[in-house]
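1. Attaching a predicted model along with its sequence, questions to come.
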Amino acid sequence: MFNGFSKEAFDFLFGIRMNNNREWFEPRKKIYTKHIYEPLKALTEEIYKPFENSGMISKTGRIYRDESFPPYLHYRDTLWIYVRYNAWDWSKTPTFYFEISPEGAEFGFRISKPAAAVMERFRNDIAEDPQYFLELLDMLKRNSIEIGGDEYKRKKKCTVPEAEELFVKKGLSAYRRITDISQLNAPELVDGIIEVFRLAMPLNDYFHKIVNEVEAEKMQAKLEAISAEDEKETVKAPDMEFMW
């Protein structure tokens, strides 16, 4: 059962940020296990329960980094949980997430690095039915959910001025952030996370649908290209008969 994150958890995360090495970590590994990893696992189980029949999966991140990738550190100072549909590249698919760091916690929905075609379709859909997306955006904000995401350096042409906030996004997130760590040391955190996930479910379902559509179109185009290439390489029988 999840009972919250203690002050020791945040002291540890700040410490590993300032001392990212085995010499500091190993004597404090039990602190990490007791105050961070075990509560994260318990939290994962509880926030996944309402979605376990949805076809989505859950995962709890671990502190150990893959040292073959930059910034070449041994450990993470931000730990995470995600709930999402299975995908080969999590950054290109819609995801519900919870992250804990020395600064507090953040949780909600995001699609970090969608294919350009996905966001192009998103903008086209906004242009066709702006009211739906504007009402969704308003509902999220009224429930203290912030809208974020990386933006294009060169803005896309916006045909719906009221929705310019969405047109400029090359990735999208809808989240709450908690910086008062005392609010994270209670079981009630579970209800807050599930509430945000449910409020953001229309975004999750929408992007899941169009990501699958775009991927299916890409696969169909590849198959057609392969088929066309095979036809070129096929040796055709001569049109006339030869006398031997």
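-> Right, received. Where do you want to start? Here the structure is a predicted model, which is why all the values come from computation and not from measurement. Numbers count the residues shown, from 1 in each chain.

2. I'd say residue 100 and residue 14 touch.
-> No: Residue 100 sits out of contact with residue 14 when judged by C-beta atoms under 8 Å, with a separation of 11.8 Å. For every residue, glycine as well, the C-beta is placed using N, CA and C.

3. Not counting sequence-adjacent ones, nearest residue to residue 122?
-> Once flanking residues are discounted, residue 122 sits nearest to residue 210: 6.9 Å by C-beta to C-beta, 6 or more residues apart in numbering.

4. which stretch of helix or strand covers the one you found?
-> Secondary structure from DSSP states H and E places residue 210 in helix 201-233.

5. coming back round to it: and residue 100 and residue 14? Which one has more around it.
-> residue 100 (26 against 14; other C-beta atoms under 10 Å).

6. If I take the helix or strand hosting the more buried one and helix 201-233, what angle do their directions form?
-> Assigned by DSSP H and E, residue 100 belongs to strand 95-101. Relative orientation of strand 95-101 versus helix 201-233 (axes from the mean of the first three to the mean of the last three C-alpha atoms, to 10 degrees): 120 degrees.

7. Strand 95-101 pairs with which strands, parallel or anti?
-> Applying DSSP bridges to the sheet, strand 95-101 is found paired with strand 79-84 (antiparallel), strand 104-111 (antiparallel).

8. Now do the longest one: distance to the chain's middle.
-> A distance of 8 Å separates the centroid of the chain from that of strand 104-111, by C-alpha atoms, centre = their mean, to the nearest Å.

9. Next: stretch 2-16.
-> That offset, for stretch 2-16, works out to 23 Å (C-alpha atoms, centre = their mean).

10. Show the average pLDDT along it.
-> Per-region confidence: stretch 2-16 scores 96 on mean pLDDT.

11. For that stretch, C-alpha coordinates in PDB please.
-> Taking Å, rounded to 0.1, in the frame of the first residue of the first chain, the C-alpha atoms of stretch 2-16 are listed here in PDB:
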ATOM      1  CA  PHE A   2       1.300   3.500  -0.900                       C
ATOM      2  CA  ASN A   3       1.700   5.700   2.100                       C
ATOM      3  CA  GLY A   4       3.500   8.700   0.500                       C
ATOM      4  CA  PHE A   5       7.000   9.900   0.100                       C
ATOM      5  CA  SER A   6       9.000  10.900   3.100                       C
ATOM      6  CA  LYS A   7      11.400  13.800   3.500                       C
ATOM      7  CA  GLU A   8      14.200  11.200   3.400                       C
ATOM      8  CA  ALA A   9      13.200  10.500  -0.200                       C
ATOM      9  CA  PHE A  10      13.800  14.100  -1.300                       C
ATOM     10  CA  ASP A  11      17.000  14.400   0.700                       C
ATOM     11  CA  PHE A  12      18.300  11.400  -1.100                       C
ATOM     12  CA  LEU A  13      17.300  12.700  -4.500                       C
ATOM     13  CA  PHE A  14      19.000  16.000  -3.900                       C
ATOM     14  CA  GLY A  15      22.100  14.100  -2.600                       C
ATOM     15  CA  ILE A  16      22.400  11.900  -5.600                       C
END
